[in-house]
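Undergrad: got a predicted structure here, sequence first:
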Amino acid sequence: MHRFCIGENDAGQRADRFLMKACPSLPKSLLYRTFRKRDVKLNGRRISAETFLQAGDELLVYLPDDCFPEKASVSGATVRLPSPEILYEDAQIAVLKKPSGLPVHADDRGSDDTLVGRFLQHLRDTGAYNPAAEQSFTPALCNRLDRNTEGLVLGAKTAAALRCLNEKIRLGEVEKEYLCITAGVPPKPSDTVTAYHRRLPGQSAELSEVPRAGFREMKTGYTLLGTDNGLALLRIRLYTGRTHQIRLQTAALGCPVLGDARYGSRRANAACGETGQLLCAYKLTFAFREGEGPLSDLRGKQWATVPAFLSRYPALAACLKEGCMNSE
């Protein structure tokens, strides 16, 4: 028999999902057979796999103790990573700035240095996260950016914050705005463009101007902030979250993101000496609707940053009007 005392970061999830996280080596077939045999009890009562857990619950699983190996002691990362740049932090969340070239999570290049790794190291250093004390939860990042895209990323420090942020993002209540430099000028000074998107595994994304089977709607708003020598500075608002959406849509408009090797202009990239896309997730706004929740005090809060690449283009940097950078 194994006993679990459900903590705040374990609450709010189904019993089967908790056990899959808490006991990753336990075979799913054995786990669900245990539920079918009614050998899982919550506060003394037999339960089904779909039962939700609450903080303070006692969960008993009737299986031999060797099915639940002791958790290995965690002393932290074996390689010391650089500290993340943090714009805001409280007990629930952090707003981090990812530099260009740093992956959010480990990718096929095999880098030991990731933004999530820096985030977890920071939380261990400050005492906000003790891996050995957690049964099923690991702090996580809630939005991701391509390796060569810089900008703001939201980190959740608690399970309640993670659930809330993921739901707010799904509902469109976390507004994301981007700045990019493009090779060429868009056809209109401001527009909201609807197209259709498909991404097949291992292939570049595709855009269609009309609905097609297998394509999903993609909606992008942009505003031209300024131009210089055939380059343009755009502010972009995403209404959907498709893979490579901004890079694909600007290319379709005839003004690809400068430095973009996949969808961009090789000639313009070479002429400007850019090898990574000049794209930054520069602003996040918590446009939460009315209602209670662990992050309700942050309703209306906004964070913004200035892209590092603008330092190489002073004429375009000067086009950032005062109203474009509304920091908290």
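TA: Arrived safely, thanks for sending.

Undergrad: now the element after whichever helix or strand Lys41 is part of, going C-ward?
TA: In the assignment (DSSP states H and E), Lys41 maps to strand 40-42. Past strand 40-42, heading to the C-terminal end, the next element that is a helix or strand (DSSP H and E) is strand 45-46.

Undergrad: for that next one, which strands pair with it and how are they oriented?
TA: Strand pairing for strand 45-46, using DSSP bridges, gives strand 40-42 (antiparallel).

Undergrad: center of this structure - which residue?
TA: A centroid search over the chain (C-alpha atoms, centre = their mean) returns Asn143, at 1.3 Å, as the residue closest to the centre.

Undergrad: tell me who's in contact with it.
TA: 153-154, 169, 174, 176, 281 (C-beta atoms under 8 Å, 6 or more residues apart in numbering). Using the backbone N, CA and C atoms, a C-beta is placed for each residue, glycine as well.

Undergrad: these in strands, which ones?
TA: 153-154, 174, 176, 281 (DSSP state E).

Undergrad: reformat these as a markdown table; add pLDDT.
TA: Listed next are those as a markdown table, based on pLDDT from 0 to 100:
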| residue | pLDDT |
| --- | --- |
| Val153 | 97 |
| Leu154 | 98 |
| Val174 | 94 |
| Lys176 | 93 |
| Ala281 | 97 |
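
Undergrad: out of those residues, who's nearest Tyr62?
TA: The shortest approach to Tyr62 among the ones in strands among the contacts of Asn143 belongs to Leu154, at 39.8 Å (C-beta to C-beta).

Undergrad: partner residues bridging the closest one?
TA: The partner list for Leu154 in beta bridges (DSSP bridges) reads Val95.

Undergrad: how near is it to Leu115?
TA: Leu154 sits at a distance of 11 Å from Leu115 (criterion: C-beta to C-beta, to the nearest Å).

Undergrad: quick check: neighbours shared by these two?
TA: With the criterion set as C-beta under 8 Å, 6+ apart, the overlap between the contacts of Leu154 and Leu115 is 96, 141.

Undergrad: can you give me the helices in this protein?
TA: 15-22, 28-36, 115-126, 159-170, 245-252, 266-272, 314-317 (DSSP state H).

Undergrad: list the buried ones in the fifth one?
TA: Within helix 245-252, the residues that count as buried by 16 or more other C-beta atoms under 10 Å are 245-252.

Undergrad: which elements pack onto that helix?
TA: Helix 245-252 is packed against strand 174-183, strand 190-198, strand 206-208, strand 216-228, strand 231-238, with contacts defined by 3 or more C-beta pairs under 8 Å, 6 or more residues apart in numbering; DSSP states H and E.

Undergrad: most tightly surrounded among the ones you listed?
TA: Greatest average neighbour count among the helices and strands packed on helix 245-252 goes to strand 174-183 (a mean of 23), per mean count of other C-beta atoms under 10 Å.

Undergrad: now do that strand and helix 159-170, the angle between them.
TA: Using axes from the mean of the first three to the mean of the last three C-alpha atoms, to 10 degrees, the direction of strand 174-183 lies 60 degrees away from that of helix 159-170.

Undergrad: any idea how far strand 174-183 is from the middle of the chain?
TA: For strand 174-183, the distance between its averaged C-alpha position and the chain's averaged C-alpha position is 16 Å (C-alpha atoms, centre = their mean, to the nearest Å).

Undergrad: and the angle from that strand to strand 216-228?
TA: Using the same axes, to 10 degrees, strand 174-183 lies at 50 degrees relative to strand 216-228.

Undergrad: and the angle from strand 174-183 to helix 245-252?
TA: Computed by the same axes, to 10 degrees, the angle separating strand 174-183 from helix 245-252 equals 40 degrees.

Undergrad: now for strand 174-183, which elements pack on it?
TA: The elements that strand 174-183 packs onto, with contact taken as 3+ C-beta pairs under 8 Å, 6+ apart, are strand 231-238, helix 245-252, helix 266-272, strand 279-286.

Undergrad: would you turn these into JSON lines with distance to Leu165?
TA: Formatted as JSON lines, the entries for the helices and strands packed on strand 174-183 read as follows, by distance: least, C-beta to C-beta, whole Å:
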{"stretch": "strand 231-238", "distance to Leu165": "16"}
{"stretch": "helix 245-252", "distance to Leu165": "20"}
{"stretch": "helix 266-272", "distance to Leu165": "35"}
{"stretch": "strand 279-286", "distance to Leu165": "9"}
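
Undergrad: with Glu206 as the reference, name the closest of the ones you listed.
TA: helix 245-252 (8.0 Å).

Undergrad: got the contact list for that closest one?
TA: Applying C-beta under 8 Å, 6+ apart, the set of residues contacting helix 245-252 is 178, 180, 182, 186, 193, 195, 197, 205-207, 209, 218, 220, 222, 234, 236, 238, 242, 256-257, 260, 262-264, 277, 279.

Undergrad: can you rerun that using 6 Å?
TA: With C-beta atoms under 6 Å, 6 or more residues apart in numbering as the contact definition, helix 245-252 has outside contacts at 178, 182, 205, 207, 218, 220, 236, 256-257, 260, 263.

Undergrad: now do the same contact list for Cys319.
TA: Residues in contact with Cys319 (C-beta under 6 Å, 6+ apart) are 225-226, 233.
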